[in-house]
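A.B. asks: let's see this in three dimensions:
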Amino acid sequence: MEITESLSIGNKDRKDIYNYIESNGTVREDEVRRALRLDPAALGTHLTILRRDGYIRKVGDKVQVAYEDEEAHVHEADGTEFTIRLPQEVDLDRLVDAIHEVAEEGTYIEAETVADVIDHEEVILRHNDVRSRMFFVATVEDDVVGWVHLDLPEAEKLSHTAVLTVGLRPEHRGHGIGSRLLERGTDWARDHKFEKLYNSVPATNEEAIAFLEARGWETEAVRKDHYKMNGDYVDEVMMAVDLQ
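C.D. replies: Below you'll find the predicted structure:
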């Protein structure tokens with residue numbers, strides 16, 4: 001299932017089942033049955049239909065949302081080999097740690113928010129009637145060293161836009177990993193018919209602003225004194241790139 005695909009699950013029980021799986025990640029079938037108080041035979045029928053329609057898939061004795069697989073890309077730069085791929089559930093703690101490490105530099109407020117949300121929800125990818133989000137991670141020797149995240153609005157009037165965050169652990173910068181992550185996120189958004197991406201950073205994050213500007217992003221607006229950091233007011237620089 002495409003993460004941008006409209007959900008059209010007409011049956012209430014099946015919709016409840018999908019929403020439970022979507023909000024809890026990979027779960028056992030008996031957990032779904034107990035949580036929703038469903039008859040085992042009825043649950044089996046609903047799961048079969050959801051699998052047939054491409055909404056969920058079975059993994060051993062568990063089920064999960066059947067997001068469309070994205071090919072992993074392997075790159076090498078300056079003697080460093082890294083992979084950019086979809087995150088798996090086992091990556092959650094390492095992804096949260098990577099985002100928090102970048103956020104703790106104090107110059108990427110949006111990243112801090114992203115980390116807090118996925119840490120609280122304990123689910124990386126989301127796709128429901130209210131919200132959707134897409135991630136790619138960069139790994140070096142199976143360690144998550146960076147990410148690109150796309151927050152995908154469900155509101156029809158905003159459905160052509162997305163908010164992007166991208167970050168990399170400090171010790172892995174300077175090898176082109178950040179550029180590849182940004183490229184992967186941008187290409188995915190363009191392939192899925194998004195027309196514009198946004199990213200907002202404090203004005204003090206000159207490195208991030210220069211990074212984005214060098215790749216075609218422009219400043220659309222500045223919100224004066226939007227942040228208060230260490231007792232000082234700091235402007236928010238709202239950047240964007242057109243994908244058309």
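A.B. asks: let me see the mean pLDDT of stretch 171-191.
C.D. replies: Averaged over stretch 171-191, pLDDT sits at 95.
A.B. asks: go through stretch 62-73 and flag the buried ones.
C.D. replies: Residues of stretch 62-73 classed as buried: 62-67 (neighbour count, 16 or more other C-beta atoms under 10 Å). Glycine gets a C-beta too; all of them are placed from N, C-alpha and C.
A.B. asks: what distance separates the start and the end of that stretch?
C.D. replies: Criterion C-alpha to C-alpha, to the nearest Å; first-to-last residue distance in stretch 62-73 is 27 Å.
A.B. asks: repeat for stretch 85-99
C.D. replies: Its first and final residues considered, stretch 85-99 spans 16 Å by C-alpha to C-alpha.
A.B. asks: distance between the lowest-mean-pLDDT helix or strand in the chain and the chain's centre?
C.D. replies: Taking mean pLDDT, DSSP states H and E as the measure, the helices and strands of the chain show their lowest mean at helix 109-121, namely a mean of 89. Computed by C-alpha atoms, centre = their mean, to the nearest Å, the separation of helix 109-121 from the middle of its chain amounts to 10 Å.
A.B. asks: which elements pack onto it?
C.D. replies: Packing contacts for helix 109-121, counted by 3 or more C-beta pairs under 8 Å, 6 or more residues apart in numbering; DSSP states H and E, involve helix 92-103, strand 161-168, strand 196-202.
A.B. asks: show me what the second one is packed against.
C.D. replies: Counting contacts by 3+ C-beta pairs under 8 Å, 6+ apart, strand 161-168 packs against helix 92-103, helix 109-121, strand 143-153, helix 177-191, strand 196-202.
A.B. asks: please name the nearest non-neighbouring residue to Thr26.
C.D. replies: Sequence neighbours aside, Gln64 is the residue nearest to Thr26 in space, at 4.3 Å (criterion: C-beta to C-beta, 6 or more residues apart in numbering).
A.B. asks: give the contact list for that neighbour.
C.D. replies: For Gln64, the contacting residues are 21, 25-27, 56-57, 89, taking C-beta atoms under 8 Å, 6 or more residues apart in numbering as the criterion.
A.B. asks: hey, what's it bridged with?
C.D. replies: With DSSP bridges applied, Gln64 shows beta-bridge pairing to Arg57.
A.B. asks: just the pLDDT at it, thanks.
C.D. replies: pLDDT recorded at Gln64 is 96.
A.B. asks: equivalent analysis for the one 4 residues further on, please.
C.D. replies: As predicted, Glu68 sits at a pLDDT of 91.
A.B. asks: coming back round to it: Asp39 is nearest to which of the helices and strands packed on helix 109-121?
C.D. replies: In terms of C-beta to C-beta, the element of the helices and strands packed on helix 109-121 nearest to Asp39 is helix 92-103, at 32.2 Å.
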